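**Student:** What shape does this take:
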Amino acid sequence: MTISLFTENEIELLKCNPNVRAVSEKGITYTDEFKRRFISENEMGKLPRAIFEEAGFDVELIGMERIKSAAKRWRAAYHEKGIFGLEDTRKKNSGRPLERELSLEEKYARLEAQNRLLQAENELLKKLDFTRKADDEKETKLLSEQKFQLIHDTIEKYQLKRMVRFLCVLIGVSRSGYYNYFSEKAMQNREERKLADEEVKEIILKAFLFRRRKKGARQIKMTLENQYLITYNLKRIRRIMKKFGIICPFRKANPYRRMAKATQEHRTLPNLLNRRFKQGVIGKVLLTDITYLSYGKGKRAYLSTIKDAETNEILVYEVSDKVTLDIALSTLKKLKKKEIKLSKEAFIHSDQGFHYTSPQFQKLVKKMGLGQSMSRRGNCWDNAPQESFFGHFKDEVDLKSCETLEDLIREIKSYMTYYNHYRGQWNLKKMTPVQYRHHLLQVA
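**Tutor:** Okay, the predicted model is just below:
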């Protein structure tokens, strides 16, 4: 007689019985406690059907064939081994020991495989430069895909037979995951992703080298959108850059840098700005400063700029091989000559350098109808946007290739065009300074 299979509803119903440990469509696994109870009551003369019914089972659902088969099996096990024969041997790997004793040759083979794998892992970590500095608390770990490949390469290189399971346990990955990783379908998918990443890499490199200015991930994203009308997720750009070693060679912020403590405020020209750089008006807050530039073989020049704090646009600049008062005066005169439309409440903000405290400079500022403001002494954060510009400028300009002052001036002119018209900025809604100025004029 053929025993019918359980439906899904019947399986769920049987699982509700506390005497059931598991149910499949073909059979039921009962608890050891129920089996002992069955033997006890059956030995006293109670029929199997009655025992099952009192235990809450639907005999019509289970079928008498299953009940008779289970009763016969349990009685035979009890008479052969006593109460211990009623225990479910499947919990103990069908009665066999979980681990057999390894031979000396097998132990040696496993030890060799372990050493080979750990050696290969250390070499990979060094090659990929995954180890962090000693003061870092967390240690970067290999991805599962890298571990799978590491196991495969180690087995192939050293001809390690039947070591997949052992090495997977050793390195902390699943054996099924290993075999899935090297399945034909998975390898085909990886090849397709590789080709797709190669195409994206070429596009990212175009943005990375746009106008000969190397860029970070955010600059690449904005360049792709503004110049090539291509939108990539920032995470995708960073993943591709990391995968293909596209490195932005810019300095990183020093976590140990501390702001110099401000001393007393300048008495004659107070800090009118108070770090309110964005006031919603074009041409109102003008920032100025001077920085030195090392170029060629030990040569030095100086750059003076005036920046609109609202749009981040560099309005005018002056380059000189001397850091005299003339460089600051010439920058101001260029602003006047260019006839840039400024706000009626416009003022120029600087540090307390001798150029800006000079009576000649202050007289020219007043003559141009501008107010004047100064940072607190020793406090670079009071003119942070201007300092930030100089930092990016020195990162992105190729000063070493400039042999003469004329070469330097041409390179600076090229960069100023790039900065104002092509270099998008995250905080300007990803627009360039000139684009952002036009945007503000349209919404005004």
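**Student:** can you count the residues close to the nearest residue to Arg211 once chain neighbours are set aside?
**Tutor:** Leaving aside its chain neighbours, Arg211 sits nearest to Tyr418 (5.1 Å; criterion: Cβ to Cβ, 6 or more residues apart in numbering). Glycine gets a C-beta too; all of them are placed from N, C-alpha and C. Tyr418: 17 surrounding residues under other Cβ atoms under 10 Å.
**Student:** pLDDT averaged over the strand or helix carrying Tyr418, what's the number?
**Tutor:** Using DSSP states H and E, Tyr418 sits in helix 405-421. The pLDDT scores in helix 405-421 average 95.
**Student:** That helix: which residues count as buried?
**Tutor:** Within helix 405-421, the residues scored as buried using 16 or more other Cβ atoms under 10 Å are Leu408, Glu411, Ile412, Tyr415, Met416, Tyr418, Tyr419, Asn420.
**Student:** now what about the worst-scoring helix or strand of the chain on mean pLDDT, what contacts it?
**Tutor:** Least confident helix or strand, the chain: helix 104-128 with a mean of 79, by mean pLDDT, DSSP states H and E. By Cβ atoms under 8 Å, 6 or more residues apart in numbering, the surrounding residues in contact with helix 104-128 are 102, 131, 142, 146, 150-151, 153-154, 157-158, 160, 163, 166-167, 170-171.
**Student:** which of those has the most neighbours?
**Tutor:** Ile151 (27 neighbours).
**Student:** Not counting its neighbours along the chain, what's nearest Leu86?
**Tutor:** Lys35 (4.4 Å).
**Student:** I'd assumed Arg73 was in contact with that neighbour.
**Tutor:** No: contact criterion Cβ atoms under 8 Å: Lys35 and Arg73 do not qualify, at 9.4 Å.
**Student:** what's the helix or strand for the residue most central in space within the chain?
**Tutor:** Relative to the mean C-alpha position of the chain, the nearest C-alpha, by Cα atoms, centre = their mean, is the one of Lys235, at 6.6 Å. Per DSSP H and E, Lys235 falls inside helix 234-243.
**Student:** tell me which residues of that helix are tucked away?
**Tutor:** By 16+ other Cβ under 10 Å, the buried positions in helix 234-243 come out as Ile237, Arg238, Ile240, Met241.
**Student:** wouldn't Ile306 be in contact with Val285 here?
**Tutor:** No: with contact defined as Cβ under 8 Å, Ile306 does not count as touching Val285 (10.9 Å).
**Student:** Do you have the helices of the stretch 1-150 of the chain handy? List them.
**Tutor:** Shown for the stretch 1-150 of the chain, the helices assigned by DSSP state H, counting those that start in this stretch span residues 8-15, 32-43, 48-54, 59-62, 64-81, 104-128, 144-158.
**Student:** which residues of the protein fall in strands?
**Tutor:** Along the chain, the stretches classed as strands by DSSP state E are 20-23, 28-30, 285-295, 299-308, 314-320, 347-350, 371-374.
**Student:** Distance from the chain centre to the second one, please.
**Tutor:** The one in question is strand 28-30. The chain centre lies 49 Å from the centre of strand 28-30; the measure is Cα atoms, centre = their mean, to the nearest Å.
**Student:** now for it, which elements pack on it?
**Tutor:** Helices and strands touching strand 28-30, by 3 or more Cβ pairs under 8 Å, 6 or more residues apart in numbering; DSSP states H and E, are strand 20-23.
**Student:** pLDDT averaged over the strand it packs on - what is it?
**Tutor:** Throughout strand 20-23, pLDDT has a mean value of 90.
**Student:** which stretches of this protein have low pLDDT?
**Tutor:** Along the chain, segments meeting pLDDT under 70 span 1-2, 89-100, 127-141, 249-268, 444.
**Student:** Domain map for it?
**Tutor:** 8-92, 104-132+139-182, 193-243, 285-443 (automatic domain parsing).
**Student:** Pretty sure Lys68 sits against Leu47.
**Tutor:** No: the pair Lys68 and Leu47 fails to qualify as a contact (Cβ under 8 Å) at a distance of 10.7 Å.
**Student:** Quick check: buried residues in stretch 363-381?
**Tutor:** For stretch 363-381, burial by neighbour count (16+ other Cβ under 10 Å) applies to Leu364, Val365, Leu370, Gly371, Gln372, Ser373, Met374, Ser375, Arg376, Asn379.
**Student:** Can you spell out which residues form a bridge with Gln372?
**Tutor:** Ile348 (DSSP bridges).
**Student:** which residues does it contact?
**Tutor:** Leu269, Phe347, Ile348, His349, Ser350, Tyr356, Gln362, Val365, Lys366.
**Student:** Please apply the same query to Tyr30.
**Tutor:** Asn19, Val20, Arg21, Ala70.
**Student:** thinking again about what came up before, who's more crowded, Lys35 and Arg73?
**Tutor:** More neighbours surround Lys35 than the other of Lys35 and Arg73, with 22 against 13 (other Cβ under 10 Å).
**Student:** how far away is that one from Asn42?
**Tutor:** Going from Lys35 to Asn42 by Cβ to Cβ, to the nearest Å gives 10 Å.
**Student:** same thing with Ala70?
**Tutor:** 11 Å.
**Student:** what residues are shared contacts of those two?
**Tutor:** Pro48.
**Student:** Can you give me the neighbour number for Lys341?
**Tutor:** 7.
**Student:** Now it: closest residue in space, sequence neighbours ignored.
**Tutor:** That would be Gly283: by Cβ to Cβ, 6+ apart, it lies 6.1 Å from Lys341.
**Student:** Quick check, that neighbour in contact with Glu339.
**Tutor:** No: judged on Cβ under 8 Å, Gly283 makes no contact with Glu339 at a distance of 11.7 Å.
**Student:** Of those two, which one has the most company?
**Tutor:** Gly283 (19 against 7).
**Student:** ranges for the helices of the stretch 251-400 of the chain?
**Tutor:** Going by DSSP H, counting those that start in this stretch, the stretch 251-400 of the chain shows helices at 325-338, 354-357, 359-367, 384-396.
**Student:** out of the ones you listed, which comes closest to Leu428?
**Tutor:** helix 384-396 (11.7 Å; Cβ to Cβ).
**Student:** got the contact list for the closest one?
**Tutor:** Outside helix 384-396, the residues that reach it (Cβ under 8 Å, 6+ apart) are 213-214, 249-251, 275, 277, 287-289, 291, 293, 303, 305, 307, 309, 312, 314, 380, 415, 419.
**Student:** Which of the contacts of helix 104-128 sits closest to Ala207?
**Tutor:** Using Cβ to Cβ, the contacts of helix 104-128 come closest to Ala207 at Gln146, 28.4 Å.
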